[in-house]
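1. Turn this into a model:
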Amino acid sequence: MKLDLHNYIAIGFQPYWLRAQNYNPKTLLEQTVMQCFSKGIDVCGVTSKEFAIPRGSVHDRFSCLVAQTKNLPGDYSHDKIEDVALVVEKRGKKVILLNAQGVISKNKEGVRIDYLVIGGNQVDNNLLIGDSIKQATDRGLIKAIHYPLLLGLAYCGMPEAEMERYWKNFDSIAVHDAQIPQIPYPLNWFTESKIKRAERFAKSKFMHMIAVSGAHRIADIGTAYIESTGELESLGKDYLLKSLKQCIINGKMVKGSISLSAFRDWHSIFKKGAKNPEQIKSA
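-> Numbering: from 1, shown residues only. Alright, predicted model coming up:
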């Protein structure tokens with residue numbers, strides 16, 4: 001079983017972002033499922049990340065895909081497991097889409113710290129990291145440290161002090177993200193040195209390491225993942241997340257990175273939209 005537990009799917013689910021990336025807003029679910037099938041991905045995390053994620057809004061990416069089940073052709077079948085998972089099948093192939101969130105928290109000094117949860121996307125943002133972790137734990141969500149030690153250069157990872165304090169509260173640590181493109185030394189010194197330190201930290205604590213794609217393009221889903229001998233139970237939220245934890249425990253990382261040209265492809269569109277929102281909205 002191949003599990004790619006963190007993907008944004010697109011830059012954003014607003015119609016103007018989808019147009020900018022040449023995605024049909026009505027077939028985004030089918031395109032995502034077909035990419036998973038082509039890459040052999042059995043479990044795909046659908047990550048929402050905004051300071052506010054109103055249920056059913058464009059920022060609630062999982063619900064947006066669920067709403068598109070009505071657009072699937074007749075040879076598809078689907079089943080929703082609470083607000084945790086969407087199971088889509090076609091001619092013997094199956095993929096489980098998991099609701100996930102990039103949680104935005106902070107430490108006592110006000111430094112932003114992002115991490116991943118799987119199983120929902122309604123954890124309150126901008127809480128102190130300890131309070132944020134407690135809320136996610138109380139809701140039964142799976143938690144992963146993301147971008148460990150990566151601070152600056154647009155990364156809001158977890159500082160070493162917080163990793164030392166809270167690592168026991170996390171189910172895994174995402175030491176490899178495919179969105180960090182392969183670039184030659186010494187240009188990659190900043191990221192590579194932090195990634196190697198994070199791996200040493202994880203091994204010293206016997207933490208379960210995962211690799212994720214973090215895809216901002218559908219084509220990048222399945223670039224990095226974990227491979228596990230386990231299976232996901234689909235009897236309900238608790239059974240599913242418990243079995244997912246076991247898959248993470250048994251999983252082995254399969255690392256892959258997007259090319260620099262692939263990174264530029266989506267990032268140039270993002271920078272253009274961030275710099276001049278009205279231009280991209282009217283495109």
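2. which stretches of the stretch 151-283 of the chain form helices?
-> 160-166, 189-205, 237-250, 260-275, 277-281 (DSSP state H, counting those that start in this stretch).
3. looking at those helices, which is buried most?
-> helix 237-250 (a mean of 17; mean count of other C-beta atoms under 10 Å). Placement of C-beta: from N, CA and C, glycine included.
4. packing partners for that helix?
-> Using 3 or more C-beta pairs under 8 Å, 6 or more residues apart in numbering; DSSP states H and E, the elements in contact with helix 237-250 are strand 2-4, strand 142-146.
5. The first one: what's the following helix or strand?
-> Read that as strand 2-4. The first helix or strand that comes after strand 2-4 along the chain, using DSSP states H and E, is helix 15-20.
6. Low-confidence ranges, this structure, go.
-> Applying pLDDT under 70 to the chain flags the ranges 153, 182-190, 278-283.
7. Tell me the buried residues in stretch 85-105?
-> Neighbour counts over stretch 85-105 (16 or more other C-beta atoms under 10 Å) mark 85-88, 90, 95-105 as buried.
8. quick one on the thing from earlier: include distance to residue 80 when you put the helices and strands packed on helix 237-250 into JSON lines, please.
-> Shown next, in JSON lines, are those (distance: least, C-beta to C-beta, whole Å):
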{"stretch": "strand 2-4", "distance to residue 80": "19"}
{"stretch": "strand 142-146", "distance to residue 80": "19"}
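9. Same list (those) but as a markdown table, adding distance to residue 49 and mean neighbour count.
-> A markdown table is the format used below for these (distance: least, C-beta to C-beta, whole Å; neighbours: other C-beta atoms under 10 Å):
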| stretch | distance to residue 49 | mean neighbour count |
| --- | --- | --- |
| strand 2-4 | 16 | 24 |
| strand 142-146 | 10 | 25 |
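10. phi, psi of residue 118?
-> The phi/psi pair for residue 118 (degrees, to the nearest 10) reads phi -130, psi 130.
11. ok, what's across the strand from residue 209?
-> residue 173 (DSSP bridges).
12. Residue 204 versus the closest residue in space to residue 226 that isn't next to it in sequence, what's the distance?
-> Using C-beta to C-beta, 6 or more residues apart in numbering and skipping residues adjacent in sequence, the residue nearest residue 226 is residue 251, 3.5 Å away. Using C-beta to C-beta, to the nearest Å, residue 251 is found at 19 Å from residue 204.
13. Kindly report the same for residue 154.
-> The value you get for residue 154 to residue 204, if C-beta to C-beta is used, is 28 Å.
14. And the helices of the stretch 151-283 of the chain: which comes nearest residue 39?
-> helix 260-275 (14.4 Å; C-beta to C-beta).
15. ok, back up a step: show me the two of the buried residues of stretch 85-105 that sit farthest apart.
-> Maximum distance among the buried residues of stretch 85-105 (C-beta to C-beta): 38.1 Å, for 90 and 105.
16. residue contacts, the residue nearest to residue 142 when sequence neighbours are not counted?
-> Leaving aside its chain neighbours, residue 142 sits nearest to residue 118 (4.3 Å; criterion: C-beta to C-beta, 6+ apart). Going by C-beta atoms under 8 Å, 6 or more residues apart in numbering, residue 118 touches 5, 45, 98-100, 141-144, 241, 244.
17. same deal with residue 123?
-> Counting by C-beta under 8 Å, 6+ apart, residue 123 has contacts 101, 103, 117, 132, 135-136, 139, 141.
18. switch the cut-off to 10 Å
-> 53, 101-105, 115, 117, 132-133, 135-136, 138-139, 141, 143 (C-beta atoms under 10 Å, 6 or more residues apart in numbering).
19. which SS state does it fall under?
-> Following DSSP: H, G, I helix; E, B strand; the rest coil, residue 123 is assigned to coil.
20. And it, how far from residue 139?
-> 7 Å.
21. How about residue 115?
-> Counting by C-beta to C-beta, the gap from residue 115 to residue 139 is 14 Å.
22. Could you check which of those two is surrounded by more residues?
-> residue 115 (28 against 13; other C-beta atoms under 10 Å).
23. Having no further points to raise, I will conclude here.
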